[in-house]
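Colleague: Turn this into a model:
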Amino acid sequence: MCTARGVDHLEKQRIQAATTAAGGGLVKTASLERVMEGLGENEKYNAVLQGVSSIVMGKKKVGDAARGAFEEVFQLLDEMHANRIKCSIRTASAVVDAATATTDIGIITKVFSKIRRAGVGQKFSRDLGRLSLLPTEASKKEKALRGLVPVPDDDRAQEIGYAASFMVLVGSDFSWEGIGQVMHYDTTIPTVIGAVTAAAVGIDVWKRSGCTSKMVLNGMNRLFLKDVERESRAEAGAFLTAYMTGLPCFAFQPSAVEALRMAADPDMKETFLNGNGVHRILVWLLAGVAGEGLVHRQMIASDPRQAFAFLQMVRNREDGFELDPEDDSERVQWAFNEARALLKDNEGAFEALRRRLEGGGATVGDCVSIIERRTT
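Modeller: Just a heads-up that it's a prediction; the model follows:
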C-alpha cells in the first residue's frame, strides 16, 4: 500500500519532470509543490492520473508501445484501489479516451476492469446478464418469436438505383427541352417523355399504392438527406448497448468488419466466437437500427445488413463455429428486439447520450461520463 509520503514523493518527481520538460524553473516547481501539498491524496491521484492519461494520448502509440505507456496508468489505478481512493468520473473519462485512442482491445478491457475497482464504470456490462439466446427447441422458439418487432427492411441498393435512374431521366428530359428551346430544336420528344413519366407515376400510385414512387423517394433520401438527429440516435444506441453489455469496442457506427476484428482478437476469441458471444455482438450491431427505428421507419443512418454480413464472415473463418444460415433471420430478429428492449429500459441514458452526440464533439470518455451519471 502506498503511504502519503510515497504519494508526495511521487508527486514531486512528476512535477519536477513536467516543469523541466516544459522549460520551467525552480520557482515554478516550488509553486506547484506548494499547491500539491495543500491537496488530499484523492485530489493528487486524480490530478496526476488525468495528466498522465493526457500525455499517453498525445503520444498516439499503438501495439507494444501503447501497452508500455499504459503501465504507469495501470499502476496508479492499482494504488488508488489499494488506498481506497475513488477515481473521479472526469479522471475515468480521461483514462478511457487515452485507452480508446490506442484501438487496442486488450488495453480497453483492462482499463474498464481497473476503473471499476477504483469506483467508476459500475454500469459497464451491467446489462450483459439480461441477454439470452433464442431457444432452439421448436415450440419454445416459436413462442419466443411470437409478437416480436420485425427487423426493418433495407433495400438501399435498389432504392438508390431507382432514384438515380429517375434523376437521369428527368434531368435528361429537362436538359433536352431547355437546349431545344434555345437552339430551336424539336422539343416534342422530351415533352412526350415528361408526359409518360407523369402518367407512370400516376399509374404507380393508383395501381401499386405508389410502391415504385416510394422506392424513388427513399433513394433520394439516402442520396441527399443529412439528418443529424437520425445519426445521433443510431450512434447513441450502438454506444450505450456496447457499454451496458461490456463490449470493449466503442465504434459509434458499428460494422461487420469492426465486429469481426473484435471477435477474432487473440485475447477475445474464446469470449466471442461462440453462441453467446455472437449473439452479444449481433445485439450491438443492431442497436443503432433499434435506436433509429424507435422514431423512424426507414433506416438511413444505420444498416441492419451488417448483422447478416457478420454472421457470414464468422462462417467463412477457418476457426469459426457452425451457424446454420437458415436460422439467420430469426437470430437477427431476436437480437434486434433485445437491443430495442435494452434501449427502452435505459431511455434516460439513451436520450441524454443522443442529445450530447447531436451537439457534436463528444469523445468516448464524455459518453461514458454521461452514462455513469444517469440513474436510468
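Colleague: what's the nearest residue to the residue positioned nearest the centre of the chain if we skip its chain neighbours?
Modeller: Among the residues of the chain, the one closest to the centroid is Phe252, at 2.5 Å (C-alpha atoms, centre = their mean). Spatial nearest neighbour of Phe252, excluding adjacent residues (C-beta to C-beta, 6 or more residues apart in numbering): Glu235 at 4.1 Å. (C-beta placed from N, C-alpha, C; glycine too.)
Colleague: any idea which element the one you found lies in?
Modeller: helix 228-244 (DSSP states H and E).
Colleague: okay, and for the stretch 51-200 of the chain, where does confidence drop off?
Modeller: Applying pLDDT under 70 to the stretch 51-200 of the chain flags the ranges 61-63, 155-160, 162-200.
Colleague: Do you have the helices of it handy? List them.
Modeller: In the stretch 51-200 of the chain, the helices defined using DSSP state H, counting those that start in this stretch lie at 63-69, 71-82, 89-101, 105-117, 138-145, 156-183, 188-208.
Colleague: And the shortest one, what's buried?
Modeller: So the one you mean is helix 63-69. By neighbour count with 16 or more other C-beta atoms under 10 Å, helix 63-69 contains the buried residues Ala66, Arg67, Ala69.
Colleague: counting contacts, what elements does that helix pack onto?
Modeller: Helix 63-69 sits against helix 41-59, helix 105-117, with contacts defined as 3 or more C-beta pairs under 8 Å, 6 or more residues apart in numbering; DSSP states H and E.
Colleague: What would the last one look like as PDB? C-alpha coordinates only.
Modeller: Just to be clear, that refers to helix 105-117. Extracted as PDB, the C-alpha positions of helix 105-117 are listed here (Å, rounded to 0.1, in the frame of the first residue of the first chain):
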ATOM      1  CA  ILE A 105      -9.000  -4.100 -27.300                       C
ATOM      2  CA  GLY A 106      -6.800  -5.600 -24.500                       C
ATOM      3  CA  ILE A 107      -5.900  -2.100 -23.100                       C
ATOM      4  CA  ILE A 108      -9.600  -1.000 -23.200                       C
ATOM      5  CA  THR A 109     -10.700  -4.200 -21.400                       C
ATOM      6  CA  LYS A 110      -8.100  -3.800 -18.800                       C
ATOM      7  CA  VAL A 111      -8.900  -0.100 -18.300                       C
ATOM      8  CA  PHE A 112     -12.500  -0.800 -17.500                       C
ATOM      9  CA  SER A 113     -11.600  -3.600 -15.200                       C
ATOM     10  CA  LYS A 114      -9.300  -1.300 -13.200                       C
ATOM     11  CA  ILE A 115     -11.500   1.900 -13.100                       C
ATOM     12  CA  ARG A 116     -14.400  -0.300 -11.800                       C
ATOM     13  CA  ARG A 117     -12.200  -1.400  -9.000                       C
END
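Colleague: got a list of contacts for that helix?
Modeller: With contact meaning C-beta atoms under 8 Å, 6 or more residues apart in numbering, helix 105-117 is reached by 66-67, 70, 73-74, 77-78, 81, 87, 92, 95-96, 99-100, 102, 121-122, 124, 246, 248-250, 262, 265, 267-268.
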